[in-house]
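Peer 1: Pasted the sequence and its predicted model underneath.
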Amino acid sequence: MRFETPLVPARLIRRYKRFLADCRLEDGREVTAHCANPGSMMGLKDEGMKIWLEPNDDPKKKLKFGWRLVDHENGHFTGVDTSVPNRALKAALEDGAIAELAAYKTVRPEVKYGEKSRIDFLLTQDGLPDCYVEVKSVTLSRRPGVAEFPDSVTARGTKHLGELAKMIEAGHRAVMLYLVQRTDCESFTLAADIDPAYAAAFEVAHAKGVERLIYGTQISPEGVKIGTKITA
């Protein structure tokens, strides 16, 4: 997935009200960017961090920049836009690039299911059980090389695990796919200290048959694409 508009570098001044970030461009101008990330963004919102913004000239958008990446200035990047994983994953699923799901030829995003919820992707194929795929963007890393989810309490995420388990009970296939939007992590774990309810819900869902897949990403200011499988 390539960014629609070339990204521009900036320095973070502050992130506030969850979806806003004040930034300083290289020419000294201060701008406010949309931050498409409702999480805590632990470790990714320190003043002075190098970041990358995507400009736009859409008259319908009040904010003319969107915050897309954190540049760790050591060759590694973190993608902070939580909408990117679904966009990148859709292309990967359609191309059969996720080995465990490659047998499914029909990919439908945002399908209603459960109790007033939408599954990120419903995969179907004649002769196979329908496959419900929920995607979570992973950006937290508190130990070198280890990615963690979640970075804050997520009641919504816990609800999704329960609904995936119900799909198993109904005879379908269900997958919890964690997409690590960091290029500096080789392993993954649940952050049970941050949200013990989510970690417990995952264990229950997994015991009922909900599968776990973890994939990395290749990230640069040009775009984001699905990387290789990551171990838990």
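Peer 2: Sure thing, it's come through.

Peer 1: in stretch 83-98, what's buried?
Peer 2: 84-86, 88-90, 92-93, 98 (16 or more other C-beta atoms under 10 Å). Placement of C-beta: from N, CA and C, glycine included.

Peer 1: for stretch 47-57, same thing?
Peer 2: In terms of neighbour count (16+ other C-beta under 10 Å), stretch 47-57 has its buried residues at 49, 51-54.

Peer 1: And stretch 157-177, by the same measure?
Peer 2: Using 16+ other C-beta under 10 Å as the test for burial, stretch 157-177 gives 157-168, 172-177.

Peer 1: could you pull out the helices for the chain?
Peer 2: For the chain, applying DSSP state H gives helices covering 84-94, 155-169, 196-207.

Peer 1: Can you give me the end-to-end span of stretch 69-79?
Peer 2: Stretch 69-79 has its terminal residues 5 Å apart, counting by C-alpha to C-alpha, to the nearest Å.

Peer 1: residue contacts, Ala97?
Peer 2: 91, 226 (C-beta atoms under 8 Å, 6 or more residues apart in numbering).

Peer 1: ok, now with 6 Å
Peer 2: Ile226 (C-beta atoms under 6 Å, 6 or more residues apart in numbering).

Peer 1: Can you report how many residues lie near Val204?
Peer 2: For Val204, the count of nearby residues is 12 (other C-beta atoms under 10 Å).

Peer 1: Can you read off the pLDDT for the spatially closest residue to it that is not a sequence neighbour?
Peer 2: What sits nearest to Val204 in space, not counting adjacent residues and going by C-beta to C-beta, 6 or more residues apart in numbering, is Ala165, at 6.9 Å. Ala165 carries a pLDDT value of 97.

Peer 1: bridging residues for the residue nearest to the spatial centre of the chain?
Peer 2: Centroid-nearest residue in the chain, with C-alpha atoms, centre = their mean: Ser137, separated by 1.9 Å. Assessed by DSSP bridges, Ser137 has beta-bridge partners Leu179.

Peer 1: gap between it and Leu25?
Peer 2: Between Ser137 and Leu25 the computed distance is 26 Å (C-beta to C-beta, to the nearest Å).

Peer 1: what's the answer for Val84, then?
Peer 2: 22 Å.

Peer 1: same deal with Thr154?
Peer 2: Distance, Thr154 to Leu25, using C-beta to C-beta: 33 Å.

Peer 1: Those two: which is more packed in?
Peer 2: A direct count of neighbours by other C-beta under 10 Å for Thr154 and Leu25 places Thr154 higher, at 20 against 15.
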